[in-house]
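Q: how would this look folded up:
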Amino acid sequence: MAFGQVPEVTSYAILAGVSPNHALQTTWIMGVITAIVGGRPGMISGATASTAIASINLVRSYGVEFLSYAVMLAGLMQIAFGFLQLGRLLRFVPHSAMVGFANAASIIIIFAQLKFLKIPGQGINAQAGEPRAIQIGHHSNYYSVLFSYTPWINLETLTVMLIEAALTLFICILFPKITKIIPGTFVALTFVTILEWSVARQVGFPGLLVQDYQSLETPSISRLIFMDSTTTVPPISFDTFKKVWPTAIALFAVSTVETLLTSRVVGDKTEIKGSENLMTAAQGLAQFVSALLGGIGGGAQIGQSIVNYKSGGTTCLSSFFAGAILFVLLAGAYPAVGCVPLGAIIGLMLYAVYNLVQWKTCLTILSAIFPQKMRDILFLDCKVSRVDALIMLAVMAVGVFFDLAIALFVGTTISVYAFSWDCSNRIEVERSLPEGEDSVIYRIKGPLFTSTSHTLLNLFTKETISKDPNDVILYLQDAEIHDWSGQIALKKLYNRIEAMGKTVALSSLSATSKRLMEKNSTLWYGVVFLEVEEIDEEDLDSMQKGAGEEDVQDGAEQGEAVTAEDAEDDEIRSTH
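A: I've put the predicted structure just below:
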């Protein structure tokens, strides 16, 4: 892991406009601290592309010395997030958004490797005045390397590096099928490195090495920024706070979201439980400490985490050693890191993509698009709802072109609105007229909340109510009140029936609905409530069997129920 992190983290430092040493220090500090304090078992932490992108504006506008304060503030926010137990918010993220997140991360990892195929020392934005291809706010896509002015490496070197990447990928995939005693990633890295030095360089076709991309010959020792004579620390003042707080919020958001989602992905693969709240707090502490020592922001590295898992690293010990070994490499073994071929590093990251991408997604999306006859012909039996397919595509698109944190928000928002819309059509009313009694029982089914409140009122028109007997019972055993809007809708319905000269009663409320209504008891002054035993059991049985049911709006045939789909037509008829 440590060998693979060096070139990857170095590229993030270049993207943010800071020294690679800052990013490397962040990586080993976060790896060690999160493993000790309470990180997800097997998850690798360090500097990431998203946090680097979030830091660009601050570094360019005010200098790298202000970045430490922004990272400290972001770390404190993460610690507060963990202690407030807000990690449970992850439960609102749908599975389709998780799949989209994993696929978007896979695409990002692939494009991130292209920078290693450019001439060393002339990476993205390295040349003065070189623009990025697409820039939206402080977010940038990952394909700017395709359109930048930086020249590509020659064909011979490119061929050697692609062969090395392919060998690394194949060894990582096939070696674990032979034995799992030795990690396949370690075998692949060692074999390709030996092959580079014993064959490729001997025949005159060398590939690029890590030291060609970034020299690590002069590593620096971490020290507190307040005690470092080479660092100018800005004063702690309100003016400094105004400069750093937007970046701090951005760092907090992208780091927390990617960490939580990476934790979920790793947790699903390892089936090892972990506390999201403790993990987020640990990440925040690691951010704060790394900033004190001159590091930049970071979070969970999903690609490295997948490689670590596939190499057998399923405990916090593997995460700890990834950070500790990186520290050793920076302290004295950096020449060994420089000798590793970049082609092998690319192969390791492609192995992460191989294990991370959800390969059945394409078939799932096609199944959601094609009609039933086409699915039968193609034997596609993996259909999900079109909304889930839309969420997957939206998260992938927004995550790749903009930002993974924004992508998660978009996917979750689509899911929430889709669920609300679906529930708004699940209100159903059954009408029963008990024999020999001057009363009517309405059995309301479905959730009562914001999306269904208007639909509920549309199901009871004044024309229908005027034809009802004098005694009206609203039977609510199969209904559930979820919010204030649901309460208001029920009270408006009660008042509407009462205003027509009827006697109204609410019956058989669920326990949760009662608790919610008791907290707003002033709304229910004067309202009549009945318990279930006060209604004739024969009347309930007749409702359950569908006997005596009529359409609420037009007195259709017995046994028909009124649903939310009828509400729009009912409302039109009531206006006439």
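Q: contacts and neighbour counts: CA atoms only from here.
A: Noted.
Q: got the contact list for residue 342?
A: Residue 342 is in contact with 116, 161, 207-210, counting by Cα atoms under 8 Å, 6 or more residues apart in numbering.
Q: mind doing that once more with 10 Å?
A: Contacts here follow Cα atoms under 10 Å, 6 or more residues apart in numbering; on that basis residue 342 touches 4, 7, 113, 116-117, 161-162, 164-165, 193, 207-213, 348.
Q: for the closest residue to it other than its chain neighbours, give its distance to residue 160.
A: Among residues not flanking residue 342 along the chain, residue 209 sits closest, at 5.1 Å (Cα to Cα, 6 or more residues apart in numbering). According to Cα to Cα, to the nearest Å, residue 209 stands 12 Å off from residue 160.
Q: neighbour count: those two, which is higher?
A: Regarding residue 209 and residue 160, a neighbour count based on other Cα atoms under 10 Å identifies residue 209 as having more, with 23 against 18.
Q: next SSE downstream of the helix ranked longest in the chain?
A: Ordering each helix of the chain by length in residues (DSSP state H) puts helix 238-270 first. Under the assignment DSSP states H and E, the closest C-terminal helix or strand after helix 238-270 is helix 276-292.
Q: starting at the chain centroid, how far to that next one?
A: Centroid separation for helix 276-292 versus its chain: 19 Å, with Cα atoms, centre = their mean, to the nearest Å.
Q: next one: stretch 239-248
A: The answer for stretch 239-248 is 26 Å, by Cα atoms, centre = their mean.
Q: name the residues that touch it?
A: The contact list for stretch 239-248, computed with Cα under 10 Å, 6+ apart, reads 51, 54-59, 61-62, 66-77, 138, 234-235, 238, 251-253, 297.
Q: give the buried residues for that stretch.
A: 241, 243-248 (16 or more other Cα atoms under 10 Å).
Q: stretch 411-424 now?
A: If you call a residue buried by 16+ other Cα under 10 Å, then stretch 411-424 has these buried ones: 411-412, 414-415, 423-424.
Q: again with stretch 491-507
A: Buried, per 16+ other Cα under 10 Å, within stretch 491-507: 493-494, 496-498, 502-507.
Q: for that stretch, C-alpha coordinates in PDB please.
A: Output of stretch 491-507 as PDB, limited to C-alpha atoms (Å, rounded to 0.1, in the frame of the first residue of the first chain):
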ATOM      1  CA  LYS A 491     -57.900  17.900  11.300                       C
ATOM      2  CA  LYS A 492     -59.000  19.700   8.200                       C
ATOM      3  CA  LEU A 493     -60.900  16.600   7.100                       C
ATOM      4  CA  TYR A 494     -62.500  16.300  10.600                       C
ATOM      5  CA  ASN A 495     -63.600  20.000  10.400                       C
ATOM      6  CA  ARG A 496     -64.900  19.600   6.900                       C
ATOM      7  CA  ILE A 497     -67.200  16.700   7.800                       C
ATOM      8  CA  GLU A 498     -68.200  18.400  11.000                       C
ATOM      9  CA  ALA A 499     -69.100  21.600   9.100                       C
ATOM     10  CA  MET A 500     -71.600  19.600   7.100                       C
ATOM     11  CA  GLY A 501     -73.600  18.900  10.200                       C
ATOM     12  CA  LYS A 502     -72.200  15.500  10.800                       C
ATOM     13  CA  THR A 503     -70.900  13.900  14.000                       C
ATOM     14  CA  VAL A 504     -67.400  12.800  13.500                       C
ATOM     15  CA  ALA A 505     -65.000  10.500  15.500                       C
ATOM     16  CA  LEU A 506     -61.500   9.200  15.000                       C
ATOM     17  CA  SER A 507     -60.900   5.600  15.800                       C
END
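Q: domains of this structure?
A: 2-149+214-338, 361-424, 428-575 (automatic domain parsing).
Q: and the end-to-end length of the shortest one?
A: The stretch domain 361-424 measures 29 Å between its terminal residues, going by Cα to Cα.
Q: what's the spacing between the residue positioned nearest the centre of the chain and residue 85?
A: With distances taken as Cα atoms, centre = their mean, the residue of the chain nearest its centroid is residue 408 (4.3 Å). Noted for residue 408: a distance of 19 Å to residue 85, by Cα to Cα.
Q: and stretch 402-421, how far out from the chain's middle?
A: Distance of stretch 402-421 from the chain centroid (Cα atoms, centre = their mean) equals 9 Å.
Q: to clarify, my last question referred to stretch 415-424.
A: Computed by Cα atoms, centre = their mean, the chain-centroid distance of stretch 415-424 equals 19 Å.
Q: what is the mean pLDDT for the strand or helix carrying residue 447?
A: Taking DSSP H and E as the criterion, residue 447 maps to strand 439-448. Mean per-residue pLDDT for strand 439-448: 89.
Q: that strand: what's the following helix or strand?
A: Going down the chain from strand 439-448, the next helix or strand is helix 450-458, by DSSP H and E.
Q: so what does the next helix or strand after that next one touch, helix or strand wise?
A: The C-terminal neighbour of helix 450-458 among helices and strands, as given by DSSP H and E, is helix 462-466. With contacts taken as 3 or more Cα pairs under 10 Å, 6 or more residues apart in numbering; DSSP states H and E, helix 462-466 sits against helix 484-499, helix 567-575.
Q: can you point out the buried residues in helix 462-466?
A: For helix 462-466, by 16+ other Cα under 10 Å, it's 462, 465.
Q: what of stretch 384-397?
A: 388-397.
Q: the stretch 301-450 of the chain: helices as residue ranges?
A: Secondary structure of the stretch 301-450 of the chain (DSSP state H, counting those that start in this stretch): helices located at 302-310, 316-331, 334-338, 342-356, 361-369, 372-378, 386-401, 404-424, 450-458.
Q: tell me which of these sits nearest to residue 282.
A: Set against residue 282 and scored by Cα to Cα, the helices of the stretch 301-450 of the chain come closest in helix 316-331, at 12.5 Å.
Q: and that closest one, C-alpha only, in CSV?
A: Below are the C-alpha coordinates for helix 316-331, written out as CSV (Å, rounded to 0.1, in the frame of the first residue of the first chain):
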residue,chain,number,x,y,z
CYS,A,316,-6.9,-2.1,11.7
LEU,A,317,-3.4,-3.5,11.9
SER,A,318,-3.1,-3.4,8.1
SER,A,319,-4.2,0.2,8.1
PHE,A,320,-1.7,1.0,10.8
PHE,A,321,1.2,-0.7,9.0
ALA,A,322,0.3,1.1,5.7
GLY,A,323,0.9,4.4,7.4
ALA,A,324,3.9,3.2,9.5
ILE,A,325,5.7,1.7,6.4
LEU,A,326,5.1,4.9,4.5
PHE,A,327,6.8,6.8,7.3
VAL,A,328,9.7,4.4,7.2
LEU,A,329,10.0,4.8,3.4
LEU,A,330,10.0,8.6,3.7
ALA,A,331,12.5,8.5,6.6
